[in-house]
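In: sequence-free structure coming up:
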Ligand SMILES: [Zn+2]
């Protein structure tokens, strides 16, 4: 079994964060989203991984993952170029996959329970494909599967008006080698893409059984800022967090806090977990860091009250204001305007930024 | 749809035909690989197929 990890896409819904890098490298609990996928693949016994690159972030992704040896896996890079659909991405991996089966994992997805059960379930039978499903409240907005009592898929429907189930396809699939011949027979859809759901539907029509596995833990597609915040919250809730850094005697630290060995919480600061604080970051006196916050590396916080937020790193925040539910890109700085005249906020804001003042 | 790719002989990076055709001659996108990849490296038959169906490989 090989792995095919999709890392293309423009990340347009995550601008301005993605002006400077690919969406798969946005950190959740101080770890790039893509690393969670690599770990899930490895945990499922998949150690030969083809990473599909689009136009954006090719170098950054290669710099992060390298040849995979830091993660105990072997990585081959596959440049898809034009984003011609998920089935096209899979097709580009044909030489890499060879005669094997493969797991296809969308690199901006993150899920609690990993993919080992999906892979094992696929391997127990003789399936053309296996799909991961999750119960959703709004099935009209997803690709939906109808399944029989054994979990074998009987029908796939894209954004149905009258959904037969609330089981949505999430971004993780297992494919037998037969899918490559199916992809060769596919035509681009109305939006000019080779659709992965068309490939699965064709496997079904060709008489292949399609396995399904309902993912019970949480799952997030991290395409939008609010999804990053929620994924961060979910990971911090579950993760084992270690306090290795320096906590000054008159600092107040409650709950589970992941504190890098080079990070510092100074006297007079208050940190209430779950929180993650990365390397070389200093939480100074008068600062409150509240639950579900991740502060990236090389940052300094002074005086701010911050909670349920992600600060990516290289940031200085010196304000007495309150920051909640926020995502701050690398190198973003927040100062104070209290002593400046005329009274008012002073902003230098990048393209596609979103502010609520 | 037929999907045509080329594998860099130096580093093993796989590059799709649309990427090669768009550039004609390009540095291998593999980090630290100095190999030069050309659309002309593809077999004649693949090149011809790609060019005859080029509209499929565009957005
Ligand atoms: Zn190369």
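Out: Yep, that arrived. As the structure is a computational prediction, the values presented were derived from the model and not from experiment.

In: make it CA atoms for all contacts and neighbour counts henceforth
Out: Will do.

In: which residues are in contact with stretch A:300-307?
Out: Outside stretch A:300-307, the residues that touch it by C-alpha atoms under 8 Å, 6 or more residues apart in numbering or on different chains are A:281-293, A:315-325.

In: swap in stretch A:54-67?
Out: By C-alpha under 8 Å, 6+ apart, stretch A:54-67 touches A:7-10, A:21-22, A:25, A:73-76, A:79-83, B:29-31.

In: Find the helix or strand that residue B:37 is a member of.
Out: Assessed by DSSP states H and E, residue B:37 sits inside strand B:36-38.

In: Which residue does chain B have closest to the ion?
Out: residue B:11 (4.1 Å; C-alpha to the ion).

In: ok, and what's touching stretch A:125-138?
Out: The contact list for stretch A:125-138 (C-alpha under 8 Å, 6+ apart) reads A:118-119, A:122, A:145, A:166-176, A:178-179, A:200, A:203-204, A:208-216, A:219.

In: Can you tell me which of those end up in helices?
Out: A:118-119, A:122, A:179, A:200, A:203-204 (DSSP state H).

In: Present these as TSV; the columns should include pLDDT.
Out: Below are the ones in helices among the contacts of stretch A:125-138 laid out as TSV (pLDDT from 0 to 100):
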residue	pLDDT
A:118	94
A:119	96
A:122	95
A:179	97
A:200	95
A:203	96
A:204	94
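
In: what residues go with each domain of chain A?
Out: A:2-221, A:240-334 (automatic domain parsing).

In: Averaged pLDDT, the last one. What do you get?
Out: By that I understand domain A:240-334. Domain A:240-334 comes out with an average pLDDT of 97.

In: start to end distance for it?
Out: 30 Å (C-alpha to C-alpha, to the nearest Å).

In: which parts of chain B sit against the ion?
Out: Neighbours of the ion within chain B, by C-alpha under 5 Å from the ion: B:8, B:10-11, B:28, B:30, B:33.

In: Of the contacts of stretch A:300-307, just the buried ones, PyMOL syntax please.
Out: Selection of buried members from the contacts of stretch A:300-307 for PyMOL, criterion 16 or more other C-alpha atoms under 10 Å in any protein chain shown:
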select buried, chain A and resi 281+282+283+284+285+286+287+288+289+290+291+292+293+315+316+317+318+319+320
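
In: Of the contacts of stretch A:300-307, which belong to strands?
Out: A:282-283, A:288-289, A:293, A:316-318, A:322-324 (DSSP state E).

In: Contacts only, for the nearest residue to residue A:198 once chain neighbours are set aside.
Out: Spatially, and ignoring its direct neighbours in sequence, residue A:198 is nearest to residue A:186 (7.5 Å; C-alpha to C-alpha, 6 or more residues apart in numbering or on different chains). By C-alpha under 8 Å, 6+ apart, the residues touching residue A:186 are A:194, A:198-199, B:1.

In: Now secondary structure too, for those, in a markdown table please.
Out: Putting those into a markdown table (DSSP: H, G, I helix; E, B strand; the rest coil) gives the following:
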| residue | secondary structure |
| --- | --- |
| A:194 | coil |
| A:198 | helix |
| A:199 | helix |
| B:1 | coil |
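
In: so which of the residues you listed comes closest to residue A:160?
Out: residue A:198 (15.1 Å; C-alpha to C-alpha).

In: From residue A:205, how far off is the closest one?
Out: Taking C-alpha to C-alpha, one finds residue A:198 at 10 Å from residue A:205.

In: The two: which has the busier surroundings?
Out: Higher neighbour count among residue A:198 and residue A:205: residue A:198, with 20 against 12, using other C-alpha atoms under 10 Å in any protein chain shown.

In: Okay, the more buried one and the ion: tell me how far apart.
Out: To the ion, residue A:198 is 33 Å away according to C-alpha to the ion, to the nearest Å.

In: Same check on residue A:68?
Out: Following C-alpha to the ion, the distance that separates residue A:68 from the ion is 16 Å.

In: correct me, but that residue touches residue A:74?
Out: Yes: assessed by C-alpha atoms under 8 Å, residue A:68 is found in contact with residue A:74 at 4.9 Å.

In: Contact partners for residue A:263?
Out: A:245-246, A:277-282.

In: List only buried entries from these.
Out: Buried among the contacts of residue A:263 by 16+ other C-alpha under 10 Å: A:245, A:277-282.

In: how about the helices in chain B?
Out: Under DSSP H, chain B gives helices at B:17-23, B:44-52.

In: Out of the ones you listed, which one sits most buried?
Out: Of all the helices of chain B, helix B:17-23 has the most neighbours on average by mean count of other C-alpha atoms under 10 Å in any protein chain shown, namely a mean of 20.
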